[in-house]
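Trainee: Generate coordinates for the sequence data below:
(one chain, ligands or ions: 1)
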Amino acid sequence: MNSLGEATLGELAQALRGELIRPDDPGYEQARSIWNGAHDRRPALVVRCEGVADVLKTVEFARSEGLPLSIRGGGHSIPGFSTVDDGVVLDLRAMNGIRVDPDRRTVTAQAGCLWSEVDAETQAFGLALTGGIISTTGIGGFTLGGGIGWLVRKCGLTCDNLIAADIVTADGQYLHTSEDERPELLWALRGGGGNFGVVTSMEFRLHEVGPTIFGGLVFYAGEHAEQVLHGFRQATAGAPDDLTALINLTTAPPAPFLPEAVHGKPIVGVGAMWAGRPEDGDAATRPLRGLAPVIADLFGPMPYVALQGLLDPLYPRGMWNYFRSAFFEDLDAATGAVVNAFHNVPNALCEVHVHHLGGAMGRVPSGATAFGTRDREFILNVVARTPDANGYPDVVAWARDTTDALGPDAASYVNFTGEAGEDRVRASYPKDTYERLVTVKDRYDPTNLFRLNQNIQPSTTARR
Ligand SMILES: Cc1cc2nc3c(=O)[nH]c(=O)nc-3n(C[C@H](O)[C@H](O)[C@H](O)COP(=O)(O)OP(=O)(O)OC[C@H]3O[C@@H](n4cnc5c(N)ncnc54)[C@H](O)[C@@H]3O)c2cc1C
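Mentor: Numbers count the residues shown, from 1 in each chain. Purely as a prediction, here's the structure:
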């Protein structure tokens, strides 16, 4: 490890409350791994921070030793930003305290929390905010990139509900930001990713949701994909904010809720959540549940937390994953490209998702947060996977072709982007938003210590 001496490391280890893990330590293999198996990296050390003091010391250590610094919350980064060869991983997972204030309808959560943890605490009071459709995702990277989930039309993006945060900046300051204090920093955290420092804690606005909601999935045969997509377009047009829906064009898993005859065959799943009164949910979701002959209809009343964890088993840790996304407006016009990608899917693990957006998310003005793409009604998320390295380049090429078919310049979403690169980052923000993010970056991280992310380069290092 560079010229880093044992003495320096020993000092850090002694100063920490949390654990410092090095390549020879027994827990190293587990500590270095992240959800996406495609990123098999070997950090020089992993620091499991127990509190803000550990974060301050770790940031100072990485900066003074000139080591690459990777920030990890839930470890679900698709491009592998939460691990790094020969650098420092600052792991926040042990910082998972949560405090709900039912009167003010807010929750303050440390940045190492997962959605399953935040949902469990907020649902004890019949409250929630937009979280991920997979409950093992971390709230940190998810919120800072935006946050699209089953409540996006009712409550907006997760970052729209972020009302304050604590952050450790590159120069070792511990700052608070809210709409009254350093509002420009809060603006940047609402969609600008992990560019500005280590967020240690976040405060969110909550909404009345559940504990019982109406939701689920309905499945149609793959041969009806085109009809289902057109029908989905009609069923979602003018839908109330309480209804959030998505389509998954996939291959039927050998799941007990699907007839054996369809296992391994192309299948179209339509998922939805009705966040209004559960007794109104059946009628509200009906238009989505008769788009073609139905193979299985799993809609019904269920706990909100059950819906949040429903899809978890389908996205296991360790596979090689690559995601690519494109916002778009006209689903009827895009249907040909989506169906074509589905018919040419390179393996049974690859999927094409279409999320219906708009609602509360769409009503926030584009410049109000760093998440600027608000005016498109849909987002395509192409999920390309292989069990291991075999065939990975082919699925990556398929994912790229699929989003490019919607127009190579379509805006993309930083959280559904499987690669790093300035072109992808610029494609994720309107030009004026990007320039404003550079100004905030210049102020809080002018040397780009925090560069393992969808990187906003400070003007001192950026290409002109
Ligand atoms: C299975 C799966 C399902 C997903 N589902 C959804 C979904 O439904 N909706 C959606 O919008 N997205 C979804 N995503 C994408 C997800 O939002 C991003 O992958 C996000 O980065 C994950 O956050 P994390 O904290 O788990 O990631 P990590 O890998 O821990 O962090 C990713 C990066 O975010 C930054 N970061 C994280 N925490 C902090 C912090 N505290 N301070 C500063 N920077 C930080 C760092 O740059 C870090 O490297 C999904 C991803 C996966 C793998």
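
Trainee: The stretch 1-150 of the chain against the ligand: which residues are in contact?
Mentor: With CB under 6 Å from any ligand atom as the criterion, the stretch 1-150 of the chain meets the ligand at residues 34-35, 70-78, 81-82, 92, 111, 132-134, 137-138, 140-142, 144-149. For every residue, glycine as well, the C-beta is placed using N, CA and C.

Trainee: wait, the stretch 251-400 of the chain
Mentor: Checking the stretch 251-400 of the chain against the ligand by CB under 6 Å from any ligand atom, the hits are Y315.

Trainee: Residue of the stretch 251-400 of the chain nearest the ligand, please.
Mentor: Y315 (4.0 Å; CB to the nearest ligand atom).

Trainee: right, and that residue touches I134 too?
Mentor: Yes - the pair Y315 / I134 is scored as a contact, 5.4 Å apart, by CB atoms under 8 Å.

Trainee: the more surrounded of those two?
Mentor: I134 (22 against 17; other CB atoms under 10 Å).

Trainee: and the more buried one, that's in a strand?
Mentor: No - judged by DSSP: H, G, I helix; E, B strand; the rest coil, I134 forms no part of a strand; its state is coil.

Trainee: Read off the pLDDT value for it.
Mentor: The confidence metric pLDDT takes the value 97 at I134.

Trainee: wait, what's in contact with the nearest residue to A427 once chain neighbours are set aside?
Mentor: Excluding its sequence neighbours, the residue lying closest to A427 (CB to CB, 6 or more residues apart in numbering) is S412, at 5.0 Å. Shown in contact with S412 (CB atoms under 8 Å, 6 or more residues apart in numbering): 324-327, 403, 424, 427-428.

Trainee: what's the answer for T386, then?
Mentor: Contacts of T386 by CB under 8 Å, 6+ apart are 319-320, 347, 349, 392, 395.

Trainee: Could you do I21 as well?
Mentor: I21 neighbours (CB under 8 Å, 6+ apart): 27-28, 31, 45-48.

Trainee: so what's F378 up against?
Mentor: F378 touches 327-329, 331, 334, 354-357, counting by CB under 8 Å, 6+ apart.

Trainee: Now restrict those to buried residues only.
Mentor: Of the members of the contacts of F378, the ones counted as buried by neighbours, 16 or more other CB atoms under 10 Å, are 327-328, 331, 334, 354-357.

Trainee: from these, which is closest to I213?
Mentor: Among these, H356 lies closest to I213 (CB to CB), at 16.8 Å.

Trainee: Identify the residues contacting that closest one.
Mentor: Contacts of H356 (CB under 8 Å, 6+ apart): 153, 232, 236, 239, 244-246, 377-378.

Trainee: Which members of the residues you listed are the farthest-apart pair?
Mentor: R153 and F232, at 14.3 Å, using CB to CB across these.

Trainee: Can you go through the contacts of T386 and name the buried ones?
Mentor: 319-320, 349, 392, 395.

Trainee: Neighbour-wise, which one of the contacts of I21 leads?
Mentor: Neighbour-wise, these (other CB under 10 Å) top out at V47, 28 neighbours.

Trainee: Would you confirm that it contacts D54?
Mentor: Yes - shown here, V47 and D54 form a contact pair, counting by CB under 8 Å, at 6.7 Å.

Trainee: Excluding chain neighbours, what is closest to the closest residue to the ligand within the stretch 151-300 of the chain?
Mentor: For the stretch 151-300 of the chain, the residue positioned closest to the ligand under CB to the nearest ligand atom is G194, at a distance of 2.5 Å. Distances taken as CB to CB, 6+ apart place N453 nearest to G194, at 4.3 Å, with adjacent residues excluded.

Trainee: can you pull the contacts of the one you found?
Mentor: Contacts of N453 (CB under 8 Å, 6+ apart): 71, 81, 193-195.

Trainee: Got a quick ChimeraX command for the buried subset of the residues of the stretch 1-150 of the chain next to the ligand?
Mentor: Buried subset of these, written as a ChimeraX selection, criterion 16+ other CB under 10 Å:
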select :34,35,70,71,72,73,74,75,76,77,78,81,82,92,111,132,133,134,137,138,140,141,142,144,145,146,147,148,149
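
Trainee: Give me the subset of the residues of the stretch 1-150 of the chain next to the ligand that lies in helices.
Mentor: 140-142, 144-145 (DSSP state H).

Trainee: Would you mark the buried spots in stretch 26-43?
Mentor: Buried, per 16+ other CB under 10 Å, within stretch 26-43: 28, 31-39, 41, 43.

Trainee: now stretch 307-314
Mentor: 307-311.

Trainee: And the contacts of that stretch?
Mentor: With CB under 8 Å, 6+ apart as the criterion, stretch 307-314 contacts 115-116, 119, 131-136, 150, 213, 215-217, 253, 271, 273.

Trainee: helix or strand for T285, which one?
Mentor: helix 281-285 (DSSP states H and E).

Trainee: tell me how far that helix is from the chain's mean position?
Mentor: 28 Å (CA atoms, centre = their mean, to the nearest Å).

Trainee: Only the buried residues of the following helix or strand past it, if you could.
Mentor: Going down the chain from helix 281-285, the next helix or strand is strand 294-297, by DSSP H and E. Using 16+ other CB under 10 Å as the test for burial, strand 294-297 gives 295-296.

Trainee: Given strand 294-297, what are its sheet partners and their directions?
Mentor: strand 212-221 (antiparallel) (DSSP bridges).

Trainee: Not counting residues beside it along the chain, what's closest to the residue nearest the centre of the chain?
Mentor: Using CA atoms, centre = their mean, the residue of the chain that lies closest to the mean C-alpha position is F142, 3.9 Å off. Excluding its sequence neighbours, the residue lying closest to F142 (CB to CB, 6+ apart) is G132, at 5.7 Å.
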